[in-house]
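>>> pasted the sequence and its predicted model underneath.
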Amino acid sequence: MSQPTPTTSPTDKRRIGAPLLEIRDLQVSFATQAGMVPAVNGVSLTLLQGETLAIVGESGSGKTTTALSVIKLLPGAAEITGGSILFDGVDLTKLSEKELESVRGKQIGFVPQDPMSNLNPVWRIGFQVEETLVANGKAQRGRDAREKAIAVLESAGLGDAAQRMRQYPHQFSGGMRQRVLIGIGLSSTPKLLIADEPTSALDVTVQRVILDHLAKLTAESGTSVLFITHDLGLAAERAQKLVVMYKGRVVEAGPSVELLQNPQHPYTKRLVAAAPSLASHRLQGSASSIAARDQRDAESADVDLARTAEERAAHAASALAAPPAVQVENLTKVFRISSGKLRSEPFTAVDSVSFSIAKGTTTALVGESGSGKSTVARLVLKLDEPTSGRIVVDGRDLSTTRGKDLLALRRRMQPVFQDPFGSLDPLYNIGATIAEPLVAHRVGNAREQQARVLELLDQVSLPKKLVDRYPNELSGGQRQRVAIARALALKPDIVVLDEAVSALDVLVQAQILALLGELQSELDLTYLFITHDLAVVRLIADNVCVMRKGRIVEAASTSEVFDNPKEQYTQELLAAIPGAGITLGA
Amino acid sequence: MENSPNSPKPLSDTHFVASIEETPLQATDSVAEDSRPSNLYIDAWRDARQRPLFWISGVFILLVIVVAVFPGLFTQIDPRSCSLEFSNQGPSAGHILGYTKQGCDVFSRIIFGTSTSLTVGILSTVIVTVIGVIFGALGGYFGRWVDAILSRIGDIFFAIPYFLAAVVIMSVFVDYRNVLVISLAIGFFAWPGTARILRGQVLSVKNSDYVTSAVALGVSQLRILWRHVLPNSIAPVIVITTIGLAGAIVAEATLSFLGVGLPPSVMSWGNDISAAQRDLRNNPMTLVWPSIALTSTVLAFVIMGEVIRDALDPKARARR
Amino acid sequence: MLWYILRRVLQVIPVFLGATLLIYFMVFALPGDPIAALGGDRGLNPAVADAIRARYHLDQPFFIQYLYYLQGIFTGDLGTTFSGQKVSDILGRTLPVTFRLAVMAIIIEAIVGILIGLVAGLRKNGVFDTVSLLLSLVLISMPIFVLAFLAQFVFGIKLGWARTTVSGDAPLNELILPAFVLAFFVVANVIRLTRTSVIENLDADFVRTATAKGLSRPRIIRVHVLRNSLIPVVTLIGTDFGLLIVGATVTEGIFNVPGVGNTLFKAIILSEAPTVVSFVTVFVIVYLLSNLLVDVLYAFLDPRIRYGK
């Protein structure tokens, strides 16, 4: 916060430390069939000139609603029912739609969450940048707008901007699109930039580069940033001040480091304890002072990931010497992808991958999108046939197993998939969902199956009442519990977890990770854990294989990979874990 | 903006902690145990039954069905006892809609023509749905060469607008013009639309994680198709079937109107309209009444289709 | 883009062959005698019937018959009507009239449908939206001949604004009423789809971002909502072309427009099966070409197709 802030022009002298945005007692409600439901309930916060402030919260906390209220981008059903939003001394809640138009873009820029859906697919990138400049009076239509748009894209970090101007959004990668959106958001050098989870859809290494670039641009122009994120580590790393929101209210606010080191509100304590990035960091430093403090707060924090992980590792250590449950040798998968013309081109998704998992342990496959990790999972589950190489499960070669033997093998190996909204059939009630494997394999009669379903529900800590409910009544975490119960129904030895916790809020994620750990020691399960999130790996895995472009670049025990990474790519991944640079308890 | 002396101290300068009484902690991810079971079809039913249009069109459709099955309940007049002495006479007691040029009772003919329209509508819709669902589901689910063959066949049938195909078939089958043949003529070329919609739907459902899970669990292909894929992709087919039934009724009337539908001896709204058109200037009402019967029946099915479409689409429900 | 068009053209060829084979099969291989049908109720002189059989190669095996038929199509010989006129001559005379009528109808359909759909979508659940919904449902439910008679009766007979039948050279002003009838026969689907796409696009992330960029509301509607909504609507107008052909047959018949539809209409009434087949084949070709055109237009409107991944 103490860096020098250059002013954009001599007349527009911005004083560091003067309040730019003051939200006072903001109330926002959504109109539903049950009447007005409050989403934001009396939120107040102050953002100073040139400062970055992060609002942190889980989904449904009201963080995005609060931010969108500032420029009235709320969806139709939402309404600001009280409070004020002072921006540069003007109450934005009192402005007409016409007056707001001159604030949006020009004085307050906006970077949205999902780069894939926020650019209009039918217009060229250049057009979409130019129209912003013209609308905000920063350029004349035509040549002038084009030249300035090129400058905007170049400063957003897009190489060969002049060429790229003529392309359409679908010809850009996610990271490139987000650069364009950041360029658009900053194109009129606004006083304030609202960034709504700007990188949560991107790979961690891309996220890091883009946020670094965003920080550089806003620091140069002295732009204040209102940063919305669900990731406490990321927020602390990127903002001077944090505002923690919970159920539409601010529960704690203050300087980032102070807040992380000394959380006061029980909810903040919970968040700090559950955030994988921070938890893995604590493991790494094994800071005794933190552990001691956690001990004190044990009754308020229901799940402490660091402790759960330590317990789990202690159990698994004894199992490491066991014979391999899964052995993968020189696995290769080549897809043919059509290149739009008559030919198709080979694409090697998995390139001679080998690893083995000892019985009762967890091996994590880590990689960014396109690394081939999920293809490996599909091959191991025999949902796809490998091009070459072999997979041996308990001494049986998967590729030569057919018919009855294959069915028997499937019983011993069960999957849990990522998307909690796609992994359960919406027309099957929970009881039928969990019973399906039993029915398919003709295990027991109807009454025994019913009893087993209830037992499984209990095992994943769900109330028995859910038996006749449907998936759309459950939260993401509860759906994942149901998916785990279904996977466990046939008492398998091996569970393939494909990004099984990636779509969940941190607190829920922590619960599921804890549940997985308990189940592993209780049932002696072997896990193949596929994830893009290295921070989670530290907490759940015994061994790690880092994948990139279809190949395993580094494979070692978890502690080795984290403490002593050999490959540069692994080091980059580790450095990109949000919050990695924060020292806690120092 | 200048800071006035009595403005509150900015929050962010301090370490603010909300009082725990005001922001009590709730259990993480607690289960709402008191909700009622709900899924797509349960919700759709709850939604539809609250809409007046559902009841209006539903009751009307029910009425049409009753009229078709028991026409004698609604009129005592024999629609075939025509007498030229009443030719083109206006409404009178017992003959509320007047007479046709041949001196037949208009109301009675409409009542007795109902079953023709409805039977053709239902029969051809059944044909369309059976062929369409088989082609769409198998092609979408099994993909590869199965899909290639079924889709090409569909393309060929799709290339001939179904009404024109029906015209050709009916022109050839001069001696066989009856309700079954006309239903086949309409239905046999109208199915590719249903097949295409279902195929697209099956393709997206097929790739969902719950289908992949079922494969990995060892559930058999046909059981997955029958128990998981079809129930989750059939919703748009229900909508298009309802609206298609309306279309088939219109097609029958149009064919009869053109003279390639049912023979004049069969009582049908299309035949009545066709007969009345020659007298449009003198007695337009003999054309208007069967047209109203036809249009309102079709309208009832179309509205029912729209209500179902809205009810089965959670996005549309949210947009309302 | 070129590849895309080429692929589409290549896909049309087998479909065309299959469709003509199917029509031919229905007419000449199914039970039911198209030649016997020729004479209608009077019956046909056996000598004439034999001559006609020979002309259609009905004494040859089925597949050979089909090849003769195909040869006819490709050499422009579409046969002769019962009254001895060459089908290709009739087409030369009538096709321009039908083309004029269809283009007028499509223009009316597009303008009326998109405008009403846009306003209804922008004021969703308002009075205008509700009225337009009810109106379009009634329009969907009205068979084309009912619509045509209604228009003929109200505008032709009662109000006297238009002629109930069109004169020989089918001047544009006399085609206005039939064109409106034809347009209103298909416009309801355009209204409904435009409304749905407008509502969907208003909710789209990129429209929210456009608002955040500081664009004015009218510009957002024009550039980001309407432009994107046009993509499905253009496709619909293309696929509804089949409906338009059916509508044209009936409308031309009722208004006596001297077009292809009317000729088909008369051939149907006279039970001239071979002539009906000739004209249906022509319509199938036109329909396939129009779908091809829509595919090209679609690629033009949607860059994701034009610059395929």
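Sure thing, it's come through.

>>> need the residues that contact stretch A:422-430.
A:416-417, A:433, A:436, A:457, A:462, A:466-472, A:474, A:479-480, A:482-483, B:37, B:39-41, B:208-210, B:213-214, B:228, B:231-232 (Cβ atoms under 8 Å, 6 or more residues apart in numbering or on different chains). Quick note: C-beta positions are derived from backbone N, CA and C, even for glycine.

>>> once you drop chain neighbours, what's closest to residue 259?
Going with chain A. Counting by Cβ to Cβ, 6 or more residues apart in numbering or on different chains, the nearest residue to A:Leu259 once its immediate chain neighbours are dropped is A:Leu242, at 4.9 Å.

>>> wait, I meant chain B there
Here the residue nearest B:Gly259, using Cβ to Cβ, 6+ apart, is C:Ile269, at 5.2 Å.

>>> same check, this time on B:Thr129
B:Thr241 (5.3 Å).

>>> what's the burial count for the one you found?
When neighbours are counted by other Cβ atoms under 10 Å in any protein chain shown, B:Thr241 registers 20.

>>> can you pull the contacts of it?
By Cβ under 8 Å, 6+ apart, the neighbours of B:Thr241 are B:Thr125, B:Val128, B:Thr129, B:Thr194.

>>> can you tell me the SS state at the first one?
Meaning B:Thr125. helix (DSSP: H, G, I helix; E, B strand; the rest coil).

>>> please tell me how far the residue in the stretch 101-250 of chain A that chain C sits nearest to sits from B:Gly244.
Distances between the stretch 101-250 of chain A and chain C by Cβ to the nearest Cβ are smallest at A:Gly105, namely 2.6 Å. As judged by Cβ to Cβ, to the nearest Å, A:Gly105 and B:Gly244 stand 48 Å apart.

>>> C:Ile268 and B:Val167 touch, don't they?
Yes - counting by Cβ atoms under 8 Å, C:Ile268 does reach B:Val167; the two are 6.0 Å apart.

>>> and those two? which has more neighbours close in?
Set side by side, C:Ile268 and B:Val167 show more neighbours around B:Val167, with 28 against 24, by other Cβ under 10 Å.

>>> quick one on the thing from earlier: which of the contacts of stretch A:422-430 count as buried?
Applying 16 or more other Cβ atoms under 10 Å in any protein chain shown to the contacts of stretch A:422-430, the neighbour count classes A:416-417, A:433, A:436, A:457, A:462, A:466-467, A:469-472, A:474, A:479-480, A:482-483, B:39-41, B:208-210, B:213-214, B:228, B:231-232 as buried.

>>> who are the neighbours in contact with A:Phe335?
With Cβ under 8 Å, 6+ apart, A:Phe335 has these contacts: A:Pro346, A:Phe347, A:Ala349.

>>> quick one: what helix or strand has the first one in it?
If I follow you right, that is A:Pro346. strand A:344-358 (DSSP states H and E).

>>> what touches both of C:Ile268 and B:Val167?
B:Leu258, B:Val260, C:Val276.

>>> now do the contacts for whichever residue of the stretch 101-250 of chain C sits closest to chain A.
Of all residues in the stretch 101-250 of chain C, C:Gly214 sits closest to chain A, with a separation of 2.6 Å (Cβ to the nearest Cβ). Applying Cβ under 8 Å, 6+ apart to C:Gly214 gives the contacts A:Glu101, A:Ser102, A:Val103, A:Arg104, A:Gly105, A:Lys106, A:Thr132, A:Ala135, A:Asn136, A:Ser188.

>>> swap in 10 Å and give it another go.
A:71, A:100-110, A:131-132, A:135-137, A:187-188, A:190 (Cβ atoms under 10 Å, 6 or more residues apart in numbering or on different chains).

>>> on that earlier part again, just how off-centre is the helix or strand that the residue nearest to A:Leu259 is a member of within its chain?
Using DSSP H and E, A:Leu242 sits in strand A:241-246. From the chain centre to the centre of strand A:241-246 is a distance of 18 Å (Cα atoms, centre = their mean, to the nearest Å).

>>> the helix or strand where A:Thr132 lies near chain C at all?
Using DSSP H and E, A:Thr132 sits within helix A:125-135. Yes - counting by Cβ under 10 Å from any Cβ of the partner chain, chain C has neighbours in helix A:125-135: A:Phe127, A:Gln128, A:Val129, A:Glu131, A:Thr132, A:Leu133, A:Val134, A:Ala135.
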